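Chemist: A predicted structure for the sequence below; I have some questions about it.
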Amino acid sequence: MKDSYSPPKAWRLLFTGLSFTLFGLGGLLLRLVCFPLVRLLYPDPLVQRRCSRMLVQYAFRYFVCFMHRTGVITWHISHPERLGKPGQMVVANHPSLIDVVLLIACIRDAGCVVKQGLWDNPFTRGPVQAAGYISNDASVEMIENTAQALREGQTLVIFPEGTRTTPGQMPRFHRGAAAIAIRGARCVTPVVIRVNPTTLTKAEPWYRIPSRRVHFSLEVGEAIDPQHFAQQAPAPIASRRLDALLHEYFVQELTKNERSAP
């Protein structure tokens, strides 16, 4: 939801700080209480992973709801029904720190490829391990493990940039995401994320908030069949073609408003 009212900056700064405090405390609560209970109650590793992902999704939903209710952000997602398919690789740009939270909050039983730093952070290490997320170390083993997860029917969220987008620049995708899709995905679904005004970018501390409330827009595109590329060319060429298609799609969508402006 988006509306024209924006709470005072001091109010939004206060609740932005409180939001991040709750996020850290929630991560510790999941790690120290919730996930140990899941392991105790469900000996099956597959059930443990599904329960852990459900807990993470609900925690992210409550976090997003808190930020919205307190006036820190507004947000909207188009075509959420296109998300959550077996073997689906969700590909998104990465303009802000919390866009991954918004996206995973909308997808049931979703895995994610995350940067190694989250495995070393005491507030996020528990959730990423329990949910079976995959570390983005750009190794051959990582690519194969991710492709295998897709072949097993998991839904995975991937940010091909590997880090947050620099404001004012188009996303630059690493080809690893396309290579993974060719090896294991049943479909690839692009999600274009816009943030207006920009906030929580790569070199921006949490307390440097914009002059008005931030709006997040998530536009879920139509699915792309990676096997269309795999059947026409060897895997290296197919992954390059798929990568080029995805990059062109995101550039066109992200510049759409600029082209239509008078």
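Modeler: Cool, the structure landed. Numbers count the residues shown, from 1 in each chain.
Chemist: only C-alpha atoms for contact and neighbour calcs from this point on.
Modeler: Noted.
Chemist: what's the longest helix in the chain?
Modeler: helix 45-69 (DSSP state H).
Chemist: who's in contact with that helix?
Modeler: For helix 45-69, contacts defined as CA atoms under 8 Å, 6 or more residues apart in numbering pick out 15-16, 19, 22-23, 26, 30, 35, 38-39, 42, 73-75, 101-102, 104-111, 127, 130-132.
Chemist: again, only this time at 7 Å
Modeler: Contact with helix 45-69 is made by 19, 35, 38-39, 42, 73-74, 101-102, 104-105, 108-110, 127, 130-132, as judged by CA atoms under 7 Å, 6 or more residues apart in numbering.
Chemist: likewise stretch 211-230?
Modeler: The contact list for stretch 211-230 (CA under 7 Å, 6+ apart) reads 2, 6, 9, 72-80, 181-182, 185-197, 238, 242.
Chemist: Now that you've got those residues, can you turn the buried subset into something I can paste into PyMOL?
Modeler: A single PyMOL command is used to select the members of the contacts of stretch 211-230 judged buried by 16 or more other CA atoms under 10 Å:
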select buried, resi 6+72+73+74+75+77+181+182+185+186+187+188+189+190+191+192+193+194+195+238+242
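Chemist: Show me the contacts of stretch 211-230 that map onto strands.
Modeler: Residues of these located in strands (DSSP state E): 73-78, 187-196.
Chemist: can you name the two of these that are farthest apart?
Modeler: Using CA to CA, the ones in strands among the contacts of stretch 211-230 reach their maximum pairwise distance at 73 and 187, which is 31.0 Å.
Chemist: wait, what's in contact with residue 71?
Modeler: Residues in contact with residue 71, defined by CA under 7 Å, 6+ apart, are 7, 12.
Chemist: any idea how far it is from residue 8?
Modeler: Taking CA to CA, to the nearest Å as the measure, residue 71 falls 9 Å from residue 8.
Chemist: repeat for residue 165
Modeler: 27 Å.
Chemist: What of residue 70?
Modeler: In terms of CA to CA, residue 70 sits 11 Å off from residue 8.
Chemist: And these two? Which one has more around it.
Modeler: The neighbour comparison of residue 70 against residue 8 (other CA atoms under 10 Å) goes to residue 70, with 16 against 13.
Chemist: per-residue pLDDT, the more buried one?
Modeler: Confidence at residue 70, expressed as pLDDT, is 95.
Chemist: neighbours around the closest residue in space to it that isn't next to it in sequence, how many?
Modeler: Of all residues beyond its chain neighbours, the one nearest residue 70 is residue 15 (6.7 Å), with distances taken as CA to CA, 6 or more residues apart in numbering. Using other CA under 10 Å, residue 15 has 17 other residues around it.
Chemist: OK, contacts around residue 30?
Modeler: Neighbour list for residue 30: residue 127 [criterion: CA under 7 Å, 6+ apart].
Chemist: Any idea which helix or strand in this protein has the lowest mean pLDDT?
Modeler: One helix or strand of the chain scores below all others by mean pLDDT, DSSP states H and E: helix 256-260, with a mean of 57.
Chemist: Quick one: mean pLDDT over stretch 122-130.
Modeler: pLDDT averaged over stretch 122-130 gives 82.
Chemist: for stretch 99-119, same thing?
Modeler: 89.
Chemist: likewise stretch 187-195?
Modeler: 96.
Chemist: How far off centre is it?
Modeler: Chain-centre distance of stretch 187-195: 9 Å, with CA atoms, centre = their mean, to the nearest Å.
Chemist: Dump it to CSV, restricted to CA.
Modeler: Provided in CSV are the C-alpha atoms of stretch 187-195 (Å, rounded to 0.1, in the frame of the first residue of the first chain):
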residue,chain,number,x,y,z
CYS,A,187,11.3,-21.8,-14.5
VAL,A,188,12.9,-18.4,-13.8
THR,A,189,10.7,-15.6,-12.5
PRO,A,190,12.1,-12.1,-12.6
VAL,A,191,11.1,-9.6,-9.8
VAL,A,192,11.9,-5.9,-10.4
ILE,A,193,12.3,-4.1,-7.1
ARG,A,194,12.1,-0.3,-7.0
VAL,A,195,12.7,1.9,-3.9
